[in-house]
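Trainee: Any chance you could fold what I've pasted below:
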Amino acid sequence: MPELPEVETTKLGISPHVVGGKICEVIVQRSDLRWPVSPELGEMAGVVFVSVKRRSKYLLLETDSGQVVLVHLGMSGSLRLVPPAEEWRKHDHIGITLSGGLQLRYHDPRRFGLVLVVPLSEIQTHPLLKNLGPEPLEEGFTGAHLHAALRGKTIALKVAIMDAKVVVGVGNIYASESLFRAGIHPRLPAEKLSKPKAERLVAAIKEVLTESITQGGTTLRDFLNSDGQPGYFKQRLFVYGRKGEPCRVCETPISHAVLGQRATFWCAVCQRR
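Mentor: As a prediction, the model looks like this:
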């Protein structure tokens, strides 16, 4: 699944070509995504995009008509900019032709994503956005916030930090990597996280996500960044996907378990509770 760094990379990649662009045509090949594509999308010819923002794993393409095109890439979705005449690939579902001469093409093999049109005045209270926690790279996400948010939670810490109500965008890969860097065991009950460890974990989360964004996101089969090249962060992973391989720090074989129905990886030596 494209995670926060992939979505941020997509935002940075498409923004220079989308912002200021007038919609010339909208083509919807398939509308049966996880949420049906908003019929209003097909009526947006003449509207101009004024900004591209990200909230959690959602892209918000704001227009001068007071509407926002809300996009989620689902499990396997991607956006790319192509000449309008370029042949449509299988699983290309939506094309938004822009006045600059390119077409924003939405591609989604599993159709778990969504493309909705939402009034700007309602975006903060939309059901998909209203209960989201703080952005991990913003000042509001601190050790004090994390410590308070975990109070009374007995679930495993790794599961807790993947809860978007606690903090958005810390997906499976980045949760494992952040816990490794902070030296904290993923099975630690969330409420047992001390204030000093919370500070350490917040710093690690910010560090891992920032590095991943800088390097273009984790290499995932269905994601290509704005230059058409896969990201390279996966080459730097310390624990994720490395079950049984030696720890890059102490050479202890990497442990593996399933927590919250997600594969989890850690070093039993480097991540003592």
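
Trainee: mean confidence for the longest helix along the chain?
Mentor: Criterion DSSP state H: the longest helix present in the chain is helix 195-214. Mean per-residue pLDDT for helix 195-214: 94.

Trainee: Name the next helix or strand downstream of it, please.
Mentor: strand 255-259 (DSSP states H and E).

Trainee: Could I have the CA atoms of that next one written out in PDB?
Mentor: C-alpha atoms of strand 255-259 as PDB (Å, rounded to 0.1, in the frame of the first residue of the first chain):
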ATOM      1  CA  SER A 255      12.400 -11.700  14.600                       C
ATOM      2  CA  HIS A 256       9.000 -11.800  13.000                       C
ATOM      3  CA  ALA A 257       5.400 -12.000  14.200                       C
ATOM      4  CA  VAL A 258       2.000 -10.800  13.200                       C
ATOM      5  CA  LEU A 259       0.600  -8.000  15.300                       C
END
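
Trainee: Pull up the pairing partners for it, direction included.
Mentor: Strand pairing for strand 255-259, using DSSP bridges, gives strand 262-266 (antiparallel).

Trainee: Return the residues in contact with residue 195.
Mentor: The contact partners of residue 195, by Cβ atoms under 8 Å, 6 or more residues apart in numbering, come to 143, 144, 147. Using the backbone N, CA and C atoms, a C-beta is placed for each residue, glycine as well.

Trainee: Low-confidence stretches in this protein?
Mentor: 1, 216-235 (pLDDT under 70).

Trainee: any chance you could map the strands in it?
Mentor: Using DSSP state E, the strands of the chain run over 23-28, 49-55, 58-63, 67-72, 78-82, 92-98, 103-107, 114-119, 255-259, 262-266.

Trainee: out of those strands, which comes closest to residue 186?
Mentor: Nearest to residue 186, of all these, is strand 262-266, at 5.2 Å by Cβ to Cβ.

Trainee: Restrict the closest one to CA atoms and write it as PDB.
Mentor: The C-alpha trace of strand 262-266 is given here as PDB (Å, rounded to 0.1, in the frame of the first residue of the first chain):
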ATOM      1  CA  ARG A 262       0.200  -7.000  10.000                       C
ATOM      2  CA  ALA A 263       3.700  -8.400   9.600                       C
ATOM      3  CA  THR A 264       6.000  -7.100  12.200                       C
ATOM      4  CA  PHE A 265       9.800  -7.200  12.400                       C
ATOM      5  CA  TRP A 266      12.300  -6.400  15.200                       C
END
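
Trainee: tell me which residues of it are tucked away?
Mentor: 264, 265, 266 (16 or more other Cβ atoms under 10 Å).

Trainee: what does stretch 77-92 give?
Mentor: The neighbour-count check on stretch 77-92 (16+ other Cβ under 10 Å) flags 77, 78, 79, 80, 81, 91, 92 as buried.

Trainee: measure that stretch end to end?
Mentor: Terminal residues of stretch 77-92 lie 9 Å apart, using Cα to Cα, to the nearest Å.

Trainee: do the same with stretch 56-75
Mentor: Distance between the boundary residues of stretch 56-75 (Cα to Cα) amounts to 15 Å.

Trainee: do the same with stretch 126-145
Mentor: One end of stretch 126-145 sits 24 Å from the other (Cα to Cα).

Trainee: got a list of contacts for that stretch?
Mentor: Residues outside stretch 126-145 that contact it (Cβ under 8 Å, 6+ apart): 4, 55-56, 58, 70, 72, 118, 123-124, 149, 163-170, 195-196, 198-203, 205-206, 209-210.

Trainee: Can you turn the buried part of the residues you listed into a ChimeraX selection?
Mentor: Per 16+ other Cβ under 10 Å, the buried members of those correspond to this ChimeraX selection:
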select :4,55,56,58,70,72,118,123,149,163,166,167,168,169,170,198,199,200,201,202,205,209
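
Trainee: Residue 62: how many residues sit nearby?
Mentor: Residues lying near residue 62 (other Cβ atoms under 10 Å) number 18.
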